[in-house]
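Asks: Requesting a structural model of the entry that follows:
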Amino acid sequence: MVDTSSALPVDAATDPLLIVREPVDALLGDFLQARERDLVALDPRLAPVVRAVSRLVLSGGKRMRPAFVYWGYRAGGAPHTDRLWHTAAAFELLQTFALIHDDVMDRSVRRRGQPAAHVALEAHHRAAGLSGDGDWFGVGAAILAGDLAFVWADELFDASPVDPVDRERARAVFTDLRTELMAGQYLDLVLAATPDAQAEQARTVALLKAGRYTVTRPLQLGAAMAGSDPGIDAALVAYGDAVGVAFQLRDDILGLFGNPRATGKGVLDDLRQGKRTLLMLTALEAADATQRAVLTAALGDAAVDEEAGRQVRTIVRECGALAAIERQVERHFDHASAAIASVSEPARSALNELATRALFRHD
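Replies: Okay, here's the model as predicted:
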């Protein structure tokens with residue numbers, strides 16, 4: 001299955017994302033142009049739906065999941081190949097599906113610095129002079145746009161020019177990943193509606209919705225395509241779960257303390273949706289009665305404004321919750337780094353660099 005004709009084009013240890021980003025972006029651009037032509041040929045009125053997908057895919061994103069697919073493959077002992085890009089790009093379409101639906105569920109209005117898909121499609125309803133409830137039209141159309149991205153992820157995955165046996169091993173991991181993602185999304189909704197939520201419940205959500213989906217399963221998928229041995233797979237799982245959970249912890253921090261210009265989304269969205277993140281649960285546990293009353297009042301209040309957000313941020317800092325979660329991130333990083341001590345170069349250095357970028361990011 002391995003294509004050994006192409007040498008590693010960059011210093012992977014210093015930029016493990018670059019090797020993936022350019023070919024994946026090029027493939028996605030061509031693929032989405034072709035899908036738009038197909039849909040518009042069916043009916044020109046379908047253009048706004050496919051463009052909602054294309055706009056989100058091509059507007060940014062770090063391409064972390066495709067990178068973990070590639071470096072899982074390299075960690076499995078396989079040399080560089082250009083045959084992985086379809087499989088890696090499929091993760092970006094799956095991520096697009098998840099983001100579009102997540103924004104609907106969370107009622108988020110911005111994503112990557114632009115209107116969320118349901119907001120953009122509501123604006124199309126208004127601009128096109130369509131009748132009926134524009135908000136509900138936007139929600140329904142966004143769900144369908146996300147469904148399209150899900151279908152196209154499968155199409156790209158199946159188009160990968162790899163040995164069918166390798167693809168089938170990877171397909172089993174891809175199925176597990178998608179099932180866990182749906183489970184994590186549902187449990188996230190349940191957690192937000194559970195006033196007495198426990199930290200262990202939040203950790204489960206973090207593992208399924210972020211850890212396994214973002215890091216562990218992409219790594220395992222790449223390793224499966226390389227035919228790696230069980231020892232390497234176990235090391236990648238330990239690394240992936242540690243990095244993945246810490247990735248969600250960092251996301252929780254940015255959801256409250258991040259700069260909207262950098263994160264591309266509203267900084268108070270988690271508060272307004274009543275998200276019982278590990279950060280917030282830690283704060284509720286550590287806060288005194290007065291502080292806890294402020295936090296409880298803000299959680300799930302759709303009208304939370306910047307002043308209320310400032311009060312919450314002050315409490316989360318002063319009660320020690322922010323520092324406690326930062327320490328957890330650092331411990332997870334140390335555990336992840338130790339887990340891959342047996343992984344050969346350049347994969348080991350690349351994975352350490354990816355962990356650093358994921359866990360200590362500002363956007």
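
Asks: going forward, measure contacts between C-alpha atoms and count neighbours the same way
Replies: Fine.

Asks: Neighbours of Arg292, how many?
Replies: Using other C-alpha atoms under 10 Å, Arg292 is surrounded by 17 other residues.

Asks: before we move on, what about the one 5 residues further on?
Replies: Here the neighbour count serves as a burial measure; for Ala297 (other C-alpha under 10 Å) it reads 14.

Asks: Okay, it and Gly61: tell me how far apart.
Replies: For Ala297, the distance to Gly61 (C-alpha to C-alpha, to the nearest Å) stands at 34 Å.

Asks: same question, Leu354
Replies: 14 Å.

Asks: the more surrounded of these two?
Replies: Leu354 (22 against 14).

Asks: part of a helix, is the more buried one?
Replies: Yes - read with DSSP: H, G, I helix; E, B strand; the rest coil, Leu354 is one of the residues of a helix.

Asks: Look up the pLDDT of it for me, please.
Replies: At Leu354, the pLDDT value in this model is 96.

Asks: Show the contacting residues for it.
Replies: Leu354 sits next to 16-17, 64 when contact means C-alpha atoms under 8 Å, 6 or more residues apart in numbering.

Asks: what number of residues lie near Leu58?
Replies: Leu58 is flanked by 14 other residues according to other C-alpha under 10 Å.

Asks: all helices for the stretch 151-300 of the chain, in order.
Replies: For the stretch 151-300 of the chain, helices defined by DSSP state H, counting those that start in this stretch occupy the ranges 164-192, 199-205, 217-226, 230-257, 260-263, 269-272, 278-286, 289-298.

Asks: which of these sits most buried?
Replies: When you average the neighbours per residue for each of the helices of the stretch 151-300 of the chain (mean count of other C-alpha atoms under 10 Å), helix 217-226 leads with a mean of 29.

Asks: Val162 versus the nearest residue to Leu284 once chain neighbours are set aside, what's the distance?
Replies: Leaving aside its sequence neighbours, Leu284 sits nearest to Arg292 (C-alpha to C-alpha, 6 or more residues apart in numbering; 5.7 Å). Arg292 sits 55 Å away from Val162, going by C-alpha to C-alpha.

Asks: Please apply the same query to Gln95.
Replies: Distance from Gln95 to Val162, counting by C-alpha to C-alpha: 22 Å.

Asks: between those two, which one's more packed in?
Replies: Taking other C-alpha under 10 Å, Gln95 and Val162 do not tie; Gln95 has more neighbours (23 against 17).

Asks: which ones are touching that one?
Replies: Gln95 neighbours (C-alpha under 8 Å, 6+ apart): none.

Asks: Name the secondary structure element that contains it.
Replies: Using DSSP states H and E, Gln95 sits in helix 85-106.

Asks: who's in contact with Ser54?
Replies: By C-alpha under 8 Å, 6+ apart, the contact set of Ser54 is Leu32.

Asks: what is the rounded mean pLDDT of the helix or strand where it lies?
Replies: If you go by DSSP H and E, Ser54 is part of helix 47-58. For helix 47-58, mean pLDDT is 95.

Asks: And stretch 200-216, by the same measure?
Replies: Averaged across stretch 200-216, the pLDDT comes to 91.

Asks: what does stretch 98-112 contact?
Replies: Contacts with stretch 98-112, where a contact means C-alpha under 8 Å, 6+ apart, come from 56, 59-61, 115-119, 139, 142-143, 145-146, 185, 263-266, 269, 273.
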